[in-house]
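Participant: just a sequence and a predicted model for now, questions to come.
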Amino acid sequence: MQAVGRYFWRLGPGNPMVVRIVEGGSRRMQHMFVRMGYLGLLVILVVIGLLAGPGMSSDVSLGELAKAGSQVFRFIAYGQVLGVCLLAPLFMAGAIASEQSGKTYNILLTTPLTNLQIVLGSLAGRLFFVLALLLSGLPLFAVVLVFGGVRTGSVLMAFAVAGCTAVFVGSVAVTLSVLRAGGRKAVFVFVIGIMAYLVGLYALDRGLVRILDPEPYTTWLTSLHPILVLESSLLSDYTPPPAEALVDYPAPLRFFLGSPFAAFVAWTLGGSVLMVLGCALGLRQVGQGEAKWLISLKRALRISRDERTHAPRQVTGNPIAWREANTRGKMFGGILGRYGFALLGWAGAGLLVWLYHTNRLPQIPASQTAGGGYLPPHEVFHRLLTILLVLEVAVVTLVAIYMSAGCVSREREDGTLDIMLTTPVTPKQYIWGKLRGLVRFLSLMIAVPVLTIVGVSTYALAGNIMGWSQTAFTYYGLDGGAYPDTPLILPEVGLWLALMLVPFIALCVASGMAWSLKAKGVLGAVVPTVGIIGAVVLVMGLCGWSGLGTTALIGPVVNGFSPATNTAMLINPWDRVDGFAGEGEIFGRVSLALAALFAAAGYSMIVYAMIVGMVKGFDQTVRKLSGTG
């Protein structure tokens, strides 16, 4: 028994890998700020929950106090799970890059450590900081229990959901590290992939699945998402279906649909165990190199990093702009990503138009009306088209941020920036060339949402000429008036979208470049850039989606500064702009044009100011960080 205990001790707390990572990690000042920010966010959520409920009044009853406690618990439970979902990928990203970039796996394989010790040590060492951060919020939950209205089991379930999420994310990171997928790109893809999964799955459940299925039960996606699992136990209108509704399903599906929390724990922990065991079994393959067939396949697909030769090409104009626009994305992955995105986007738009034209769109219940029924086909089409365009713009934005965030730090890391500083290229040529080249490279992806809405406008215009009934509808305004022969979509909205989108993508590129000049790594530039762009879009979107967004002239201008609300406004201005139908249509269409012009001018001035500032401080910033990658 003593030998067995010693074996498990060496696998867990006594693992040299765990001791090394825990003792040497999380000592920087920024790590302390992260911990303080996490706890500060939970405290703020508690205060907001108390102020929003009746629990702060002097004559509060026990029932109202319990209701306030339940509300506060929901606030901090959501905040805790969201915080772990955001911080766990960032904490665990080090497991991907650190071991592989330092080539320490090859050294670890020569030590007496077993495969399982190496894999578990890498996982547990970094997971320690996430779980410690998670447990630091336990006193706040203990305070909530004093109010009543919250069961201890609910608190434990919230911690279990957050903990299982952290364990699964850590297992994925360690698996990528063992598979030699480390590096800057892998770190970024890992972090963005986790975020895209969480946001995309939640938006799909809330924006489509629940609408198509009006029953107040959980869906097929609930057990796959931590926030949805949490909602299934906290919301009264989002509960698992009763056992009678699942009798026709096999036992595994009954478990998956009827017990979202248990299913979530089972697949996250089970998947983590399988990944850890698989990594332990295949760890020794790291030092043996890649198989010959894999090397040949990479060369054939142009994804190998071996030396390649090509015919000389003539450089025209600004050499930096030419390099960024013509030498990026020439490998198989880049070509497949760009053209695949374009084909999928245009194919999705074509499929949507075909479904609408043949009256095969799904029926969405109009739950907001007292009489029930379904939404008219043109409104379903507007909603689905808005979702498609917002997703396309989001993809272009993320790609622009990632490329710009690594455009300078990548050259600093591989040493080419030091060589660039010895050439006659001036800072103005370098900065403006980077901006122009990256925007030109992204022109194909920018064209996807623009041509999507142009194609729909062409369909609507052709339908009006041909007399198709699908390309016009009767709009019923809030004033009770009916406006027949309203076009499905305005013909000029493609121009207004392009006028706003190009400067907005230029702003994303300029923001990424500004942080790339200051940061030593790609991740250090991506995170603040995403935060800044996200804050701008969120603030302007909330202002535009509120009552201010429907105000004549002012509303369209505010909406024009956020890609999401601007897209929704351009597709369906009759609901988003006050007085757009009838006699106010001419003024409304002019306000859409002014909104696009104001957004383009505003973003362009911000980009110009940022570029001028980067040019002025280029020498001091770049030379200070040169050679420190």
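Facilitator: Okay, I see it.
Participant: how many neighbours does Phe264 have?
Facilitator: Phe264: 25 surrounding residues under other Cβ atoms under 10 Å. (Glycine included, C-beta is placed from N, CA and C.)
Participant: got the contact list for it?
Facilitator: Phe264 makes contacts with Val161, Cys164, Ser223, Leu224, Pro226, Val229, as judged by Cβ atoms under 8 Å, 6 or more residues apart in numbering.
Participant: just to check, the second one is in contact with Val265?
Facilitator: Yes: between Cys164 and Val265 a contact is recorded at 5.5 Å, counting by Cβ atoms under 8 Å.
Participant: the two: which has the busier surroundings?
Facilitator: Cys164 (21 against 18).
Participant: secondary structure element holding the more buried one?
Facilitator: helix 152-178 (DSSP states H and E).
Participant: mind listing what's buried along that helix?
Facilitator: Residues of helix 152-178 classed as buried: 154-155, 157-178 (neighbour count, 16 or more other Cβ atoms under 10 Å).
Participant: closest one of the contacts of Phe264 to Leu517?
Facilitator: The nearest member of these to Leu517, counting by Cβ to Cβ, is Pro226 at 36.1 Å.
Participant: so, low pLDDT: which residues of the stretch 351-500 of the chain?
Facilitator: 365-372, 413-414, 478-480 (pLDDT under 70).
Participant: where do the strands sit along it?
Facilitator: 472-476, 482-487 (DSSP state E, counting those that start in this stretch).
Participant: just give me the neighbour total for Leu246.
Facilitator: Neighbour tally, Leu246, other Cβ under 10 Å: 17.
Participant: just how off-centre is stretch 272-286 within its chain?
Facilitator: Chain-centre distance of stretch 272-286: 29 Å, with Cα atoms, centre = their mean, to the nearest Å.
Participant: residues in contact with Ala447?
Facilitator: Ala342.
Participant: buried residues, stretch 6-14. List them.
Facilitator: Those would be Arg10, Leu11, for stretch 6-14 by 16+ other Cβ under 10 Å.
Participant: give me the contacts around it.
Facilitator: So stretch 6-14 is contacted by Val18, Leu116, Gln117, Leu120, Ala124 (Cβ under 8 Å, 6+ apart).
Participant: go again with 10 Å.
Facilitator: 15-16, 18-19, 22, 113-114, 116-117, 120-121, 124, 128 (Cβ atoms under 10 Å, 6 or more residues apart in numbering).
Participant: quick one, domains of this structure?
Facilitator: As recorded under automatic domain parsing, the domains making up the chain are 2-284, 325-625.
Participant: now the helices for the stretch 451-600 of the chain?
Facilitator: 493-518, 522-545, 554-560, 563-571, 573-576, 585-616 (DSSP state H, counting those that start in this stretch).
Participant: quick revisit: from the contacts of stretch 6-14, list the buried ones, please.
Facilitator: Asn15, Pro16, Val18, Val22, Leu113, Leu116, Gln117, Leu120, Gly121, Ala124, Phe128.
Participant: give the contact list for the residue lying closest to the first one once chain neighbours are set aside.
Facilitator: If I follow you right, that is Asn15. Using Cβ to Cβ, 6 or more residues apart in numbering and skipping the chain neighbours, the partner closest in space to Asn15 is Gly121 (4.3 Å). Neighbour list for Gly121: 10-12, 15-21, 108, 113, 174 [criterion: Cβ under 10 Å, 6+ apart].
Participant: picking that back up, could you dump the domains of the chain into CSV and include distance to Asn318?
Facilitator: Formatted as CSV, the domains of the chain follow (distance: least, Cβ to Cβ, whole Å):
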stretch, distance to Asn318
domain 2-284, 26
domain 325-625, 4
